[in-house]
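Student: Got a sequence here, can you model it:
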Amino acid sequence: METFNLCAYMCGYEGETFYTPLYGEMIFDCYSSETDTPIHMEMGDDALWFQEDGSYRGFDAPCMLFPTKEYYELYPTDPKTAWEEWKKTQIIKETTVDDSPWWIPRRYDEYWFVGTDGQRHGTINYDSMEDRCRFKYGNCFKTEEDCMNMIPHVKQLYADYHSNKLQ
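Tutor: Have a look, this model is predicted:
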């Protein structure tokens, strides 16, 4: 079976509910690149860690993490297709700021974003997980000036996100 990086599909969906045939519905808590089981899922007080390919905690087993129960039932032996089909149904969440200069660059285009430090940063779109998260949340600007103008709005989005996560 072809392996794939599930983290790329789940990036930006922290707090969302996903399905595992092992335990049912679980909440995606976070991704940590500092371990070989980087996907952290929660179910009440219990937590499970999955590898990048969706297998459970280092066992030599197939993917045990799916977008929903319905996608598991449709593609029980083909998780990559399940995730690809699910991803097609997801709508990019645009920023709520009117007339935002937000855009998605093509691969290898330069773009600007507001970092968690509240400062502007320039980078190249390598289609990484970090790039995709920035695109999803509207933190991606064509010019440095556009980025500078949006810093207060993006800072507020960060503050809102963190205040919701602490509740």
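
Student: Using CSV, write down the CA coordinates of the biggest helix by length in the chain.
Tutor: Identified as the longest helix of the chain according to DSSP state H is helix 144-166. Extracted in CSV, the C-alpha atoms of helix 144-166 (Å, rounded to 0.1, in the frame of the first residue of the first chain):
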residue,chain,number,x,y,z
GLU,A,144,5.1,43.4,1.9
GLU,A,145,2.9,46.5,2.1
ASP,A,146,-0.3,44.3,2.0
CYS,A,147,1.2,42.2,4.8
MET,A,148,2.1,45.3,6.9
ASN,A,149,-1.4,46.6,6.5
MET,A,150,-3.0,43.4,7.7
ILE,A,151,-0.8,42.9,10.8
PRO,A,152,-3.4,44.2,13.3
HIS,A,153,-6.1,41.9,11.8
VAL,A,154,-3.9,38.8,11.8
LYS,A,155,-2.8,39.5,15.4
GLN,A,156,-6.5,39.6,16.4
LEU,A,157,-7.1,36.3,14.6
TYR,A,158,-4.2,34.8,16.6
ALA,A,159,-5.5,36.2,19.8
ASP,A,160,-9.1,34.9,19.1
TYR,A,161,-7.7,31.5,18.3
HIS,A,162,-5.7,31.2,21.5
SER,A,163,-8.5,32.5,23.7
ASN,A,164,-10.8,29.9,22.2
LYS,A,165,-8.2,27.1,22.7
LEU,A,166,-7.9,28.0,26.4
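
Student: How far does that helix sit from its chain's centre?
Tutor: With Cα atoms, centre = their mean, to the nearest Å as the basis, helix 144-166 stands 17 Å off its chain's centre.

Student: Show me what the closest residue to residue 27 other than its chain neighbours is bridged to.
Tutor: What sits nearest to residue 27 in space, not counting adjacent residues and going by Cβ to Cβ, 6 or more residues apart in numbering, is residue 42, at 4.9 Å. Any C-beta I mention is one placed from the backbone N, CA and C, and that applies to glycine too. In this entry, residue 42 is beta-bridged to residue 27, residue 47, by DSSP bridges.
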